[in-house]
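S.K.: I would like to see how this sequence folds:
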Amino acid sequence: MKEIVVISGKGGTGKTSITASFAVLGDRDVVIADCDVDAADMHILLQPENAQSEDFYSGELAVIDQDICTQCGKCFDVCRFEAIDVSNGIHTVDELSCEGCGYCARVCPVDAITNIPLNVGKWHIANTRFNQPFVHAKLGIGADNSGKLVAHVKNMAKEIAEKYNRPYILVDGSPGVGCPVVSSLSGAHFVVLVTEPTVSGLHDLKRVYELVHKFHIKAGCIINKSDINMNKTNEILKFLKEEDIIHLASLPYDENFTKAMTDCKTVVELKDNKLKDILTQSWEKIKKLA
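M.R.: Numbers count the residues shown, from 1 in each chain. Prediction:
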């Protein structure tokens, strides 16, 4: 079983659309995991059905029992996250600011404060409209611990792949270089970097590859909309050669890409378009390299 992770240094490069296209091309060989939990949207293209959903708990939240609280203010004095609000002499916890450290509960003289498990989002197991196992999740508004939720999504995908003997786990990672990206890369066999020929595209490609390199994972790159700025495309190609990153493909700008998204489809489902051929060849390369 091989784990293929698709990431990008910045948002808007076409990462999710390309990953969804690979999911279609992978057919029954893949289990799909959408690990972009902060802004999950692969479900729009894959349209999963019959989802099994569960809440995800991670971290803790302090809760003050007002029937017991004497309003002494000791919790307010020790909180370093400014999570204790005081209004009309009543102490309450600001849920978005609380880090769940438990210090306020320890100093409360009447045990009016307890820490409860924090619900930070939901995760789902479903089947795509192509009858493929699909694990995805959504982090709650303002919630932390996205890396832990990503790890849970990946672990569930691995269990399904082992159960049904699927040779590939295809992961749509988060953009950037933060905690959810680190979690997405853990255990990966091959990384697909999706970029675009812009100043920010090249800058963030270099930044995210620095992270991939530290994990010692083989990597390939797809340059999307490669013909909109050939000077930047050539700079990207030079960088790939210098860092020994495999150039998987250069996708030309094509309005079929947008048309497919508007129709809630992947571009490889549209007939008579050159992107389908390029992405099909790219997927075959990736399977051999993983």
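S.K.: backbone phi and psi for E255, please?
M.R.: phi -70, psi -10 (degrees, to the nearest 10).
S.K.: Tell me, how many residues neighbour it?
M.R.: 8 (other Cβ atoms under 10 Å). Where C-beta positions appear, they are placed from N, C-alpha and C, glycine not excepted.
S.K.: can you check K232 too?
M.R.: Neighbours of K232 (other Cβ under 10 Å): 18.
S.K.: cool, D227 as well?
M.R.: Residues within reach of D227, counting by other Cβ under 10 Å, total 13.
S.K.: Which residue lies closest in space to the most centrally placed residue in the chain, excluding its sequence neighbours?
M.R.: The chain has D36 as the residue nearest its centroid, 2.1 Å off, counting by Cα atoms, centre = their mean. Nearest-residue entry for D36: S174, 4.7 Å, with adjacent residues in sequence omitted and distances by Cβ to Cβ, 6 or more residues apart in numbering.
S.K.: With A33 instead?
M.R.: A157 (4.0 Å).
S.K.: Correct me if wrong: the one you found contacts R166.
M.R.: No: assessed by Cβ atoms under 8 Å, A157 is found out of contact with R166, at 9.3 Å.
S.K.: Show me which residues of stretch 16-30 are buried.
M.R.: By 16 or more other Cβ atoms under 10 Å, the buried positions in stretch 16-30 come out as 16-26, 30.
S.K.: my bad, stretch 181-190
M.R.: 181-185, 187-188, 190.
S.K.: now stretch 31-48
M.R.: 31-38, 40, 42-43, 45-46, 48.
S.K.: still on that earlier bit, which ones among the buried residues of stretch 181-190 are found in strands?
M.R.: Counting by DSSP state E, the buried residues of stretch 181-190 place F190 in strands.
S.K.: got the buried residues of stretch 181-190 as TSV, with distance to C221 and pLDDT columns?
M.R.: Listed next are the buried residues of stretch 181-190 as TSV, based on distance: Cβ to Cβ, whole Å; pLDDT from 0 to 100:
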residue	distance to C221	pLDDT
V181	16	91
V182	19	91
S183	21	91
S184	17	92
L185	15	93
G187	21	91
A188	15	95
F190	12	97
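S.K.: Which one of the buried residues of stretch 181-190 is nearest to L270?
M.R.: In terms of Cβ to Cβ, no member of the buried residues of stretch 181-190 lies closer to L270 than F190, at 26.5 Å.
S.K.: so the closest one touches V6, yeah?
M.R.: No: the pair F190 / V6 is not scored as a contact, 9.7 Å apart, by Cβ under 8 Å.
S.K.: Helix or strand for F76, just tell me which one.
M.R.: In this assignment (DSSP states H and E), F76 forms part of helix 74-78.
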